[in-house]
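> only geometry, no sequence info:
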């Protein structure tokens, strides 16, 4: 079992930055691939970024590539999402998720956090 708690969401202006964190409880954090997803009102949950257990592989959605960076600190059982050059289209609830292997779809992930709201004003 893995429990995930996101933090760091908030309100930011267009062009600004935010950093999200996801703290995991449970054993063997480094064996889990971690993903970030987001869901805007009226839309389906979509993939944002993911990171393998070692941190060596980091796929991104095309919409965030070059602006967002995912990283992890296995000693702290935490995964991060640094978001730069934010725009109103990035407004959503952001979720972190854990899976045994790396994937880019919601169905791949077994454990989910409760989400944190990110709002980008124009």
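Nice, thanks for sending it over. All of these numbers come straight from a predicted model, not from anything done at the bench.

> okay, CA-based contacts and neighbour counts for the rest of this
Noted.

> which residue is nearest the centroid of the chain?
Centroid-nearest residue in the chain: residue 36, 2.5 Å away (criterion: Cα atoms, centre = their mean).

> which residues touch it?
Going by Cα atoms under 8 Å, 6 or more residues apart in numbering, residue 36 touches 47, 48, 49, 50, 81, 94, 95, 96, 97.

> and the third one, what does it touch?
Spelled out, it's residue 49. Taking Cα under 8 Å, 6+ apart, one finds 35, 36, 37, 58, 59, 60, 61, 69, 70, 104 in contact with residue 49.

> starting at the chain centroid, how far to stretch 49-65?
Distance of stretch 49-65 from its chain centroid, counting by Cα atoms, centre = their mean, to the nearest Å, is 10 Å.

> Straight-line length of that stretch, end to end?
9 Å (Cα to Cα, to the nearest Å).

> Was I right to think residue 77 contacts residue 31?
No. Using Cα atoms under 8 Å, residue 77 is not in contact with residue 31, being 10.8 Å away.

> Which residue of the chain lies farthest from its centroid?
residue 122 (22.6 Å).

> still on that earlier bit, okay, and which of the contacts of residue 36 map to strands?
Among these, the members falling in strands are 47, 48, 49, 50, 81, 94, 95, 96, 97 (criterion: DSSP state E).

> Next, format these as CSV and append pLDDT and distance to residue 88.
CSV is the format used below for the ones in strands among the contacts of residue 36 (pLDDT from 0 to 100; distance: Cα to Cα, whole Å):
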residue, pLDDT, distance to residue 88
47, 98, 17
48, 98, 15
49, 98, 18
50, 98, 22
81, 98, 17
94, 98, 14
95, 98, 18
96, 98, 20
97, 98, 23
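
> Among those residues, which one sits closest to residue 18?
Using Cα to Cα, residue 81 comes nearest to residue 18 of the ones in strands among the contacts of residue 36, at 8.3 Å.
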